[in-house]
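Asker: Below: sequence and its predicted model.
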Amino acid sequence: MAKQNRHNSLERLLHSQGFGARKFCRTLVRAGAVTVNGDLCEDPDAIFETDNLHFVVDGFEGVWPYCQKAYILLNKPVGYECSRAPKHHPSVLSLLPLPLRERDVQPVGRLDVDTTGLLLLTDDGQCIHVLTSPKHAVPKVYRATLAEAADPALCDRLLAGVLLKDEDEILSAQACTLLTQTLLELTITQGKYHQVRRMVVAAGNHVTGLSRVAVGDLSLPESLVPGEWQWLDARSMLLAGWAAK
Ligand code: URA
(Lines give C-alpha, C1' and ligand atoms only; values in the text may rest on other atoms or scores of the structure.)
Protein backbone atom coordinates (compact mmCIF):
# COMPACT_ATOMS: atom_id res chain seq x y z
CA MET A 1 0.00 0.00 0.00
CA ALA A 2 1.43 3.39 -0.98
CA LYS A 3 2.26 5.81 1.84
CA GLN A 4 0.07 8.92 1.73
CA ASN A 5 3.05 11.22 1.47
CA ARG A 6 2.47 14.10 -0.91
CA HIS A 7 6.24 14.32 -1.47
CA ASN A 8 5.84 11.01 -3.26
CA SER A 9 3.43 12.36 -5.86
CA LEU A 10 4.48 11.43 -9.37
CA GLU A 11 4.99 15.07 -10.29
CA ARG A 12 7.39 15.62 -7.38
CA LEU A 13 9.19 12.34 -7.88
CA LEU A 14 9.89 13.14 -11.53
CA HIS A 15 11.06 16.61 -10.59
CA SER A 16 13.44 15.14 -7.97
CA GLN A 17 14.95 12.87 -10.62
CA GLY A 18 15.88 15.74 -12.92
CA PHE A 19 13.04 15.56 -15.46
CA GLY A 20 12.41 19.30 -15.20
CA ALA A 21 10.32 21.85 -13.34
CA ARG A 22 7.27 20.51 -11.52
CA LYS A 23 4.93 22.22 -13.98
CA PHE A 24 6.72 20.53 -16.88
CA CYS A 25 6.60 17.14 -15.10
CA ARG A 26 2.86 17.60 -14.53
CA THR A 27 2.39 18.30 -18.22
CA LEU A 28 4.43 15.24 -19.17
CA VAL A 29 2.28 12.99 -16.97
CA ARG A 30 -1.00 14.48 -18.18
CA ALA A 31 0.15 14.04 -21.78
CA GLY A 32 0.51 10.28 -21.21
CA ALA A 33 4.30 10.38 -21.57
CA VAL A 34 5.12 8.56 -18.30
CA THR A 35 5.05 4.88 -17.42
CA VAL A 36 5.60 3.88 -13.78
CA ASN A 37 6.76 0.32 -13.04
CA GLY A 38 5.44 -0.68 -16.48
CA ASP A 39 2.01 0.99 -16.21
CA LEU A 40 0.93 4.22 -17.87
CA CYS A 41 0.03 6.82 -15.24
CA GLU A 42 -1.72 10.04 -16.27
CA ASP A 43 -2.31 11.39 -12.75
CA PRO A 44 0.50 13.73 -11.60
CA ASP A 45 -0.82 13.53 -8.01
CA ALA A 46 -0.68 9.72 -7.85
CA ILE A 47 1.41 8.59 -4.85
CA PHE A 48 4.17 5.96 -5.15
CA GLU A 49 6.50 4.17 -2.76
CA THR A 50 10.07 4.85 -3.86
CA ASP A 51 11.41 1.29 -3.31
CA ASN A 52 12.12 -0.42 -6.64
CA LEU A 53 10.37 2.38 -8.50
CA HIS A 54 11.23 2.99 -12.13
CA PHE A 55 10.00 5.29 -14.85
CA VAL A 56 9.96 5.33 -18.62
CA VAL A 57 9.49 8.85 -19.92
CA ASP A 58 8.90 9.72 -23.58
CA GLY A 59 11.82 11.74 -24.92
CA PHE A 60 14.27 10.34 -22.31
CA GLU A 61 15.95 7.14 -23.44
CA GLY A 62 15.97 4.07 -21.19
CA VAL A 63 14.43 2.99 -17.91
CA TRP A 64 15.01 5.41 -15.04
CA PRO A 65 15.29 3.86 -11.57
CA TYR A 66 14.23 6.21 -8.77
CA CYS A 67 17.28 7.02 -6.68
CA GLN A 68 17.62 9.45 -3.82
CA LYS A 69 21.22 10.01 -4.87
CA ALA A 70 22.61 9.11 -8.29
CA TYR A 71 25.86 7.12 -8.55
CA ILE A 72 27.22 6.83 -12.07
CA LEU A 73 30.26 5.03 -13.47
CA LEU A 74 31.53 6.50 -16.75
CA ASN A 75 34.26 5.13 -18.99
CA LYS A 76 35.84 8.48 -19.74
CA PRO A 77 37.14 8.86 -23.28
CA VAL A 78 40.14 10.95 -24.34
CA GLY A 79 39.33 14.58 -25.14
CA TYR A 80 36.92 15.45 -22.30
CA GLU A 81 37.53 17.68 -19.28
CA CYS A 82 36.35 16.73 -15.79
CA SER A 83 35.03 20.18 -15.13
CA ARG A 84 31.64 21.83 -15.12
CA ALA A 85 33.19 24.87 -16.80
CA PRO A 86 35.57 23.29 -19.32
CA LYS A 87 38.16 25.51 -21.04
CA HIS A 88 39.38 23.71 -24.16
CA HIS A 89 37.38 20.48 -24.55
CA PRO A 90 33.81 19.38 -23.87
CA SER A 91 32.90 18.44 -20.31
CA VAL A 92 32.43 14.79 -19.32
CA LEU A 93 28.97 15.92 -18.19
CA SER A 94 28.01 16.33 -21.85
CA LEU A 95 28.22 12.50 -22.10
CA LEU A 96 25.34 12.11 -19.63
CA PRO A 97 21.62 12.49 -20.32
CA LEU A 98 19.82 15.68 -19.31
CA PRO A 99 18.11 14.41 -16.11
CA LEU A 100 21.49 13.50 -14.60
CA ARG A 101 22.92 16.90 -15.48
CA GLU A 102 19.77 18.59 -14.13
CA ARG A 103 20.19 16.90 -10.78
CA ASP A 104 23.73 18.20 -10.67
CA VAL A 105 25.89 15.09 -10.68
CA GLN A 106 29.59 16.00 -10.53
CA PRO A 107 32.78 14.10 -11.28
CA VAL A 108 34.42 12.60 -8.19
CA GLY A 109 37.95 13.96 -8.52
CA ARG A 110 39.52 14.56 -11.91
CA LEU A 111 41.16 12.69 -14.74
CA ASP A 112 43.34 14.58 -17.23
CA VAL A 113 41.88 15.34 -20.63
CA ASP A 114 44.10 12.59 -22.13
CA THR A 115 43.33 9.99 -19.45
CA THR A 116 40.62 7.41 -20.05
CA GLY A 117 38.76 5.01 -17.77
CA LEU A 118 36.80 4.80 -14.58
CA LEU A 119 35.22 8.05 -13.48
CA LEU A 120 32.53 8.22 -10.80
CA LEU A 121 29.92 10.93 -10.87
CA THR A 122 27.34 11.66 -8.20
CA ASP A 123 25.11 14.27 -6.58
CA ASP A 124 26.02 12.87 -3.13
CA GLY A 125 28.34 15.43 -1.55
CA GLN A 126 29.39 13.02 1.21
CA CYS A 127 30.47 10.44 -1.33
CA ILE A 128 32.57 13.05 -3.15
CA HIS A 129 34.14 14.04 0.15
CA VAL A 130 35.00 10.48 1.21
CA LEU A 131 36.45 9.52 -2.14
CA THR A 132 38.57 12.61 -2.58
CA SER A 133 39.72 13.38 0.97
CA PRO A 134 43.38 12.46 1.61
CA LYS A 135 42.31 11.12 5.03
CA HIS A 136 40.42 8.21 3.45
CA ALA A 137 43.32 7.33 1.09
CA VAL A 138 41.10 5.41 -1.34
CA PRO A 139 43.32 3.36 -3.71
CA LYS A 140 43.11 4.16 -7.42
CA VAL A 141 44.57 1.77 -9.97
CA TYR A 142 45.99 3.04 -13.28
CA ARG A 143 47.46 1.36 -16.35
CA ALA A 144 50.18 3.46 -17.91
CA THR A 145 51.66 2.83 -21.34
CA LEU A 146 55.36 3.66 -21.19
CA ALA A 147 57.44 5.43 -23.82
CA GLU A 148 60.42 3.15 -23.16
CA ALA A 149 60.72 -0.53 -22.28
CA ALA A 150 61.14 -0.80 -18.51
CA ASP A 151 62.51 -3.34 -16.07
CA PRO A 152 61.40 -4.11 -12.48
CA ALA A 153 63.74 -1.40 -11.17
CA LEU A 154 61.13 1.13 -12.31
CA CYS A 155 58.61 -0.45 -9.94
CA ASP A 156 61.16 -0.47 -7.13
CA ARG A 157 61.70 3.28 -7.57
CA LEU A 158 57.95 4.00 -7.64
CA LEU A 159 57.33 1.83 -4.58
CA ALA A 160 60.20 3.47 -2.69
CA GLY A 161 58.77 6.90 -3.54
CA VAL A 162 59.72 9.92 -5.61
CA LEU A 163 59.86 13.61 -4.81
CA LEU A 164 57.91 15.71 -7.32
CA LYS A 165 58.53 19.39 -8.01
CA ASP A 166 56.25 21.59 -5.88
CA GLU A 167 55.30 18.73 -3.54
CA ASP A 168 56.63 18.67 -0.01
CA GLU A 169 56.24 14.95 0.66
CA ILE A 170 57.64 11.88 -1.07
CA LEU A 171 54.90 10.12 -3.04
CA SER A 172 55.06 6.36 -3.34
CA ALA A 173 52.94 3.82 -5.19
CA GLN A 174 50.93 1.50 -2.96
CA ALA A 175 51.37 -1.27 -5.54
CA CYS A 176 53.20 -1.48 -8.84
CA THR A 177 53.51 -4.24 -11.46
CA LEU A 178 55.02 -4.33 -14.94
CA LEU A 179 52.37 -6.18 -16.98
CA THR A 180 54.60 -6.02 -20.07
CA GLN A 181 57.83 -4.10 -20.68
CA THR A 182 55.78 -1.05 -21.69
CA LEU A 183 52.62 -1.46 -19.61
CA LEU A 184 52.70 -0.54 -15.96
CA GLU A 185 49.93 -1.05 -13.40
CA LEU A 186 50.22 1.42 -10.58
CA THR A 187 48.10 1.97 -7.45
CA ILE A 188 48.17 5.31 -5.69
CA THR A 189 46.16 6.60 -2.73
CA GLN A 190 46.71 10.33 -3.26
CA GLY A 191 45.26 12.51 -6.00
CA LYS A 192 47.88 15.13 -6.87
CA TYR A 193 47.84 17.02 -10.15
CA HIS A 194 49.08 14.75 -13.03
CA GLN A 195 50.40 12.46 -10.31
CA VAL A 196 50.95 9.25 -12.26
CA ARG A 197 52.55 10.97 -15.25
CA ARG A 198 54.85 13.01 -12.98
CA MET A 199 55.80 10.02 -10.83
CA VAL A 200 56.75 7.99 -13.89
CA VAL A 201 58.87 10.87 -15.24
CA ALA A 202 60.57 11.18 -11.84
CA ALA A 203 61.32 7.45 -11.94
CA GLY A 204 63.02 7.78 -15.35
CA ASN A 205 60.37 6.94 -17.98
CA HIS A 206 57.41 8.66 -19.68
CA VAL A 207 53.68 7.92 -19.96
CA THR A 208 52.20 7.91 -23.47
CA GLY A 209 48.75 6.61 -22.50
CA LEU A 210 46.92 6.41 -19.18
CA SER A 211 43.73 4.70 -18.08
CA ARG A 212 42.16 4.27 -14.64
CA VAL A 213 40.90 0.73 -14.15
CA ALA A 214 39.71 0.72 -10.52
CA VAL A 215 38.80 2.93 -7.57
CA GLY A 216 38.62 1.07 -4.25
CA ASP A 217 36.71 -2.16 -4.92
CA LEU A 218 35.07 -0.79 -8.05
CA SER A 219 36.56 -1.95 -11.34
CA LEU A 220 35.90 -0.65 -14.82
CA PRO A 221 33.63 -3.23 -16.51
CA GLU A 222 35.22 -4.54 -19.74
CA SER A 223 31.85 -4.27 -21.50
CA LEU A 224 31.66 -0.50 -20.95
CA VAL A 225 33.22 1.21 -23.97
CA PRO A 226 34.73 4.71 -23.71
CA GLY A 227 31.93 7.28 -23.57
CA GLU A 228 29.41 4.85 -22.06
CA TRP A 229 28.06 5.05 -18.51
CA GLN A 230 26.09 2.86 -16.13
CA TRP A 231 24.21 3.20 -12.86
CA LEU A 232 25.90 2.07 -9.68
CA ASP A 233 23.85 0.46 -6.97
CA ALA A 234 23.36 2.88 -4.04
CA ARG A 235 23.43 -0.04 -1.59
CA SER A 236 26.92 -1.11 -2.65
CA MET A 237 28.11 2.49 -2.32
CA LEU A 238 26.68 2.54 1.22
CA LEU A 239 28.34 -0.75 2.08
CA ALA A 240 31.66 0.56 0.81
CA GLY A 241 31.19 3.44 3.29
CA TRP A 242 31.14 5.95 0.43
CA ALA A 243 27.48 7.04 0.28
CA ALA A 244 25.36 9.34 2.43
CA LYS A 245 23.16 7.35 4.88
N1 URA B 1 47.50 10.81 -12.73
C2 URA B 1 47.72 11.48 -13.89
O3 URA B 1 48.84 11.78 -14.23
N4 URA B 1 46.65 11.77 -14.64
C5 URA B 1 45.38 11.42 -14.31
O6 URA B 1 44.44 11.71 -15.06
C7 URA B 1 45.19 10.73 -13.12
C8 URA B 1 46.27 10.44 -12.33
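Answerer: Ah, there it is.
Asker: can you pull out the helices in the protein?
Answerer: Taking DSSP state H, the helices of the chain run over residues 10-16, 22-30, 98-102, 125-132, 152-160, 195-202, 234-239.
Asker: Now tell me what touches the second one from outside.
Answerer: Applying Cβ atoms under 8 Å, 6 or more residues apart in numbering, the external contacts of helix 22-30 come out as 10-12, 14-15, 19-20, 34, 41-44, 57-58. In this view, the C-beta of every residue, glycine as well, is placed from N, C-alpha and C.
Asker: How about the third one?
Answerer: Judged by Cβ under 8 Å, 6+ apart, the contacts made with helix 98-102 from elsewhere in the structure are 17-20, 60, 64, 70, 72, 93, 121.
Asker: The first one too?
Answerer: Under the contact criterion Cβ under 8 Å, 6+ apart, helix 10-16 has outside partners 6, 20-22, 25-26, 28-29, 34, 36, 41, 43-48, 50, 53, 55, 57, 66, 103.
Asker: Report the central residue of the chain.
Answerer: Leu120 (1.2 Å; Cα atoms, centre = their mean).
Asker: ok, the nearest residue to that residue once chain neighbours are set aside - contacts?
Answerer: Counting by Cβ to Cβ, 6 or more residues apart in numbering, Leu120 lies nearest to Val108, which is 4.1 Å off, once chain neighbours are set aside. By Cβ under 8 Å, 6+ apart, Val108 lies in contact with 119-122, 127-128, 131-132, 215.
Asker: that older thread, select, from the contacts of helix 22-30, the two members most distant in space.
Answerer: Using Cβ to Cβ, the two most remote members of the contacts of helix 22-30 are Arg12 and Asp58, lying 19.2 Å apart.
Asker: Which residue of those two possesses the greater neighbour count?
Answerer: Neighbours were counted for Arg12 and for Asp58 using other Cβ atoms under 10 Å; Arg12 has more, 18 against 10.
Asker: how much space between that one and Gln190?
Answerer: 41 Å (Cβ to Cβ, to the nearest Å).
Asker: Run through the residues that contact Pro221.
Answerer: Counting by Cβ under 8 Å, 6+ apart, Pro221 touches 73, 230.
Asker: Quick check: residues of this protein near the ligand?
Answerer: Residues of the chain lying near the ligand by Cβ under 6 Å from any ligand atom: 111-112, 115, 194-197, 210.
Asker: picking that back up, export the contacts of helix 98-102 as TSV, with columns for pLDDT and neighbour count.
Answerer: Shown next, in TSV, are the contacts of helix 98-102 (pLDDT from 0 to 100; neighbours: other Cβ atoms under 10 Å):
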residue	pLDDT	neighbour count
Gln17	97	23
Gly18	97	19
Phe19	97	25
Gly20	96	18
Phe60	94	20
Trp64	96	21
Ala70	96	21
Ile72	96	19
Leu93	97	20
Leu121	97	24
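Asker: Go ahead and confirm Cys127 touches Ala243.
Answerer: Yes - Cys127 is within contact range of Ala243, at 5.2 Å (criterion: Cβ atoms under 8 Å).
Asker: For Ala173, list the residues it contacts.
Answerer: 155, 158-159, 186-188, 199 are the contacts of Ala173 under Cβ under 8 Å, 6+ apart.
Asker: how close does the nearest residue to Leu210 once chain neighbours are set aside sit to Val215?
Answerer: Excluding the flanking residues, the one nearest Leu210 by Cβ to Cβ, 6+ apart is Thr115, at 4.6 Å. Noted for Thr115: a distance of 13 Å to Val215, by Cβ to Cβ.
Asker: Quick check: buried residues in stretch 204-223?
Answerer: By 16 or more other Cβ atoms under 10 Å, the buried positions in stretch 204-223 come out as 205, 207, 210-216, 218, 220.
Asker: and Thr180, what does it touch?
Answerer: No contacts exist for Thr180 under Cβ under 8 Å, 6+ apart.
Asker: and it, how far is that from Ser219?
Answerer: In terms of Cβ to Cβ, Thr180 sits 20 Å off from Ser219.
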